[in-house]
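Trainee: below are the sequence and a predicted model; questions follow.
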Amino acid sequence: MTKTEFWQGNIACAEGALAAGCRFFGGYPITPSTEVAEHMAVKLPKKNGVFIQMEDEIASIAAVIGAAWTGARAMTATSGPGFSLMMENIGFAAMTETPCVIVNIQRGGPSTGQPTMGAQGDMMQCRFGSHGDYSVIALCPASVQEMYELTARAFNLADQYRVPVFLMADEIIGHMREKILVPDVVENVPRRALAKGALPFKPDDDMIPGFPQFGKGYGVHVTGLTHDERGYPCATNPKLHETLVRRLVDKIESARDRIADYDIINPDAEQVFIAYGAPVRTVQQVLHDRADDKIGFLRLRTVWPFPEKSLAAFKNVRRFLVPELNLGQIAREIERHVKVPVKSLPKLGGDLHTPQELVQALEVDR
Amino acid sequence: MTYEDWFRQDRLPHIFCAGCGNGTIINCTLAAVEEMNWKKEETVFVSGIGCSSRASGYIVTDSLHTTHGRAIAFATGVKMANPNLNVVVFTGDGDLAAIGGNHFIHACRRNIDITVVCMNNQIYGMTGGQGSPTTPKGCLSSTTPYGCVESPFDLSELAIAAGANYVSRWTSNHVKELEKAVKAGLETPGFSFIEAMVQCPTAFGRRNKFKQVADQVEFLKTHSLLKVKRDRLLEAGEPVPEDMFVVGELMRRKRPVMGAKP
């Protein structure tokens, strides 16, 4: 049984988190993400959860990480400037393998930029924003329905891979209101507990260690310093550092195909759009309007780790077209994986591409 | 059981320099924790970055060694998500008052039920002796080579002004008093702040005419002014010596608390 609702994207995000069992939200008000915090402030206390408005975004993500170590499913939501402030502790979460969910309702940057306008300018920051090498998972919703579903999935991925997972939405999807079918239950993949007596940072076969929840008698030391399998700092051991950092990257990159989530439409097409987030909606309109043209479309819900195998589905492709609300951040990633031309269709300022703009881009090559 | 049972034996010896005061403060803290009869599996130590913050890694309980200045923010998450845990933060003057100053005052304001033990050595020890927000005027450090010109923070007064329920200041010379103060902090619901003035022979003493470790401890001893004496001076309208710092229990009150055990 499902119920039908008419929700804003940010509300659907909060509801998806609650359905997934999120019981801790630490945040700081920032446009255009604030509705997520406001909704959590209303709902969490009624579910025995904790909502806390911290003094800034640095403290917000810190509190989320602290809560995660007590076993809670924990999240924060922010936008550009707040996302920048969170970067150091996001690296801490990656290094300490802390499961947590970070929602970024992207707005125009750099700096204060356009607080009320949509953008996708933080896609590379999400991947590489904290110092050092690491890998994360990023999901991009293109509808209110997906704000709900992908937020819920983000918690499962965070717990499964012990990694910060990003919901990289944008102001357009976050503030859009549309119909949503709310399921009774969402899939819940619990965090795998550390076996008693096992070393806390010794990985299992999937490169992921079991989770030693605080308060359960594990006596685990968690540090952002380079650490051995006991969790003890060993910051000057070159081999140990390399082994640790490679594992943090490989545990995600080796699971690329399992994490991947995308749709392939018209795989025989010669011209293929690739989109994620709000620009998906414009591409869908073009495909609808020009159904006879069999235009190809790779529609991504996972952007990091980049699902590169999906590109091979288009055997006859002559050209990929990538509309993004940035200056071609993911187009450049796509270029790394294909031999055919990749045409970036950047758009800044806060408006979506119009269907006409995308049709025009198709026809330039005809 | 004794306080020694709280140490991770396989992590010893520690990294602190010969003559460092931090070990004394950790001992006093663990002795107080032991007196509380807290269970190890219900206790979490959280710390930031710096010499003092290495303390969490030497203790057998769950511990979170976090980023610079953010220990209290992490501890807030731990305590709010599971109020049944006893949460103690180790920090230093740079970690707490410089980069982490905002989290410090907001945790006092919230009066969250954690205890913060600050080892105030008036210098950045880990990075080799740079001036901190508590370096006294005129003191030498690698970044105040002509003498510190900035006024220092009084961390305890800051905690009181911001709303902490319990505030005490002692020195590494006052081990009994310090242990009692930590215990009182652990017992008091709400935010408890224990400021421990410590010697740092390597980064501070060496540059500031304390040839021997004992010289700096002696300085801390002779420049401590008991709160009762300070109060008497104030009552008599006499001046409080400017080169002395007040020690003792500086605040104990019952403001509303966040994150207390249910």
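Mentor: Arrived safely, thanks for sending. Numbering: from 1, shown residues only, chains lettered A, B, ... in the order given.
Trainee: quick one: the strands in the stretch 251-366 of chain A?
Mentor: In the stretch 251-366 of chain A, the strands defined using DSSP state E, counting those that start in this stretch lie at A:262-265, A:271-276, A:296-300, A:302-304, A:319-324, A:342-346.
Trainee: do the stretch 1-150 of chain A as well
Mentor: Assigned by DSSP E, counting those that start in this stretch, the stretch 1-150 of chain A shows strands spanning A:2-8, A:22-27, A:50-53, A:73-78, A:100-108, A:114-118, A:137-139.
Trainee: and chain B, by the same measure?
Mentor: For chain B, the strands defined by DSSP state E cover B:43-47, B:62-65, B:86-92, B:115-120, B:166-171, B:192-197, B:224-226, B:245-252.
Trainee: adjacent strands (with direction) for the fifth one?
Mentor: Using DSSP bridges, the neighbouring strands of strand B:166-171 in the sheet come out as strand B:192-197 (parallel), strand B:245-252 (antiparallel).
Trainee: mean neighbour count, the ones you listed: which tops it?
Mentor: Most buried of the strands paired with strand B:166-171, by mean neighbour count (mean count of other CB atoms under 10 Å in any protein chain shown): strand B:192-197, with a mean of 29. The way it works is simple: take the backbone N, C-alpha and C, and place the C-beta from them, glycine included.
Trainee: TSV for the strands paired with strand B:166-171, including mean pLDDT and distance to A:Gly349?
Mentor: Below are these laid out as TSV (pLDDT from 0 to 100; distance: least, CB to CB, whole Å):
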stretch	mean pLDDT	distance to A:Gly349
strand B:192-197	98	49
strand B:245-252	98	54
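Trainee: quick one: contacts for the residue in chain A that chain B sits nearest to?
Mentor: Distances between chain A and chain B by CB to the nearest CB are smallest at A:Gly66, namely 2.7 Å. Neighbouring residues of A:Gly66 by CB atoms under 8 Å, 6 or more residues apart in numbering or on different chains: B:Val46, B:Leu64, B:Ala73, B:Phe74, B:Ala75, B:Thr76, B:Gly77, B:Val78, B:Lys79, B:Ala81.
Trainee: count the residues that sit near the fifth one.
Mentor: It refers to B:Ala75. Residues lying near B:Ala75 (other CB atoms under 10 Å in any protein chain shown) number 32.
Trainee: which residues does stretch B:123-131 contact?
Mentor: Surrounding stretch B:123-131, the residues in contact under the criterion CB under 8 Å, 6+ apart are B:17, B:20, B:49-51, B:92-94, B:132, B:135, B:139, B:141-144, B:148, B:150, B:200, B:202-204, B:206-207.
Trainee: now list the buried members of the residues you listed.
Mentor: Listed as buried from the contacts of stretch B:123-131 are B:20, B:49-51, B:92-94, B:132, B:135, B:139, B:141, B:144, B:148, B:200, B:202-204, B:207; burial here means 16 or more other CB atoms under 10 Å in any protein chain shown.
Trainee: let's see which of those end up in helices.
Mentor: Assigned to helices by DSSP state H, the following of these qualify: B:Asp93.
Trainee: out of the buried ones among the contacts of stretch B:123-131, which touch chain A?
Mentor: Applying CB under 8 Å from any CB of the partner chain, the subset of the buried ones among the contacts of stretch B:123-131 adjacent to chain A is empty.
Trainee: how does chain A divide into domains?
Mentor: With domains defined by automatic domain parsing, chain A comprises A:2-183, A:263-363.
Trainee: and the residue in the stretch 51-200 of chain B positioned nearest to chain A, what does it touch?
Mentor: Minimum separation of the stretch 51-200 of chain B from chain A (CB to the nearest CB) falls at B:Gly77, amounting to 2.7 Å. For B:Gly77, the contacting residues are A:Phe24, A:Gly26, A:Ile52, A:Ala62, A:Ala63, A:Val64, A:Ile65, A:Gly66, A:Ala67, A:Ala68, A:Thr70, A:Ala74, by CB under 8 Å, 6+ apart.
Trainee: okay if I get the residues you listed as JSON lines plus pLDDT?
Mentor: Compiled in JSON lines, the contacts of B:Gly77 are given as follows (pLDDT from 0 to 100):
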{"residue": "A:Phe24", "pLDDT": "98"}
{"residue": "A:Gly26", "pLDDT": "98"}
{"residue": "A:Ile52", "pLDDT": "98"}
{"residue": "A:Ala62", "pLDDT": "98"}
{"residue": "A:Ala63", "pLDDT": "98"}
{"residue": "A:Val64", "pLDDT": "98"}
{"residue": "A:Ile65", "pLDDT": "98"}
{"residue": "A:Gly66", "pLDDT": "98"}
{"residue": "A:Ala67", "pLDDT": "98"}
{"residue": "A:Ala68", "pLDDT": "98"}
{"residue": "A:Thr70", "pLDDT": "98"}
{"residue": "A:Ala74", "pLDDT": "98"}
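Trainee: so, low pLDDT: which residues of chain A?
Mentor: Low-confidence segments of chain A, defined by pLDDT under 70: A:365-366.
Trainee: tell me where it has helices.
Mentor: A:9-19, A:34-43, A:57-69, A:80-96, A:123-128, A:144-161, A:171-175, A:238-253, A:256-259, A:279-289, A:329-335, A:355-363.
Trainee: relative to B:Tyr166, which of those is closest?
Mentor: B:Tyr166 lies closest, by CB to CB, to one member of the helices of chain A: helix A:57-69, at 21.7 Å.
Trainee: flag every buried residue along the closest one.
Mentor: Neighbour counts using 16+ other CB under 10 Å place A:57-69 of helix A:57-69 among the buried residues.
Trainee: and the stretch 151-300 of chain A, which residues reach chain B?
Mentor: A:212, A:214-225, A:232-233.
Trainee: please redo it, this time with the cut-off set to 10 Å
Mentor: A:200, A:212-225, A:227, A:230-233 (CB under 10 Å from any CB of the partner chain).
Trainee: quick one: buried ones out of those residues?
Mentor: Here, 16+ other CB under 10 Å leaves A:200, A:212-216, A:218-225, A:227, A:230-233 buried among those.
Trainee: what about A:His337, neighbour count?
Mentor: When neighbours are counted by other CB under 10 Å, A:His337 registers 15.
Trainee: so it sits right up against A:Ile330, yeah?
Mentor: No - A:His337 lies out of contact with A:Ile330 (CB atoms under 10 Å); the separation is 11.1 Å.
Trainee: can you work out which residues contact both of those two?
Mentor: Residues touching both A:His337 and A:Ile330 (CB atoms under 10 Å, 6 or more residues apart in numbering or on different chains) are A:Phe306.
Trainee: thought A:Leu348 was touching A:Gln114?
Mentor: Yes - with contact defined as CB under 10 Å, A:Leu348 reaches A:Gln114; the gap is 9.1 Å.
Trainee: which residues are in contact with each of those two?
Mentor: A:Gly108, A:Gly121.
Trainee: where does the residue lying closest to B:Arg255 once chain neighbours are set aside land on pLDDT?
Mentor: Among residues not flanking B:Arg255 along the chain, B:Asn111 sits closest, at 5.1 Å (CB to CB, 6 or more residues apart in numbering or on different chains). On pLDDT, B:Asn111 comes in at 98.
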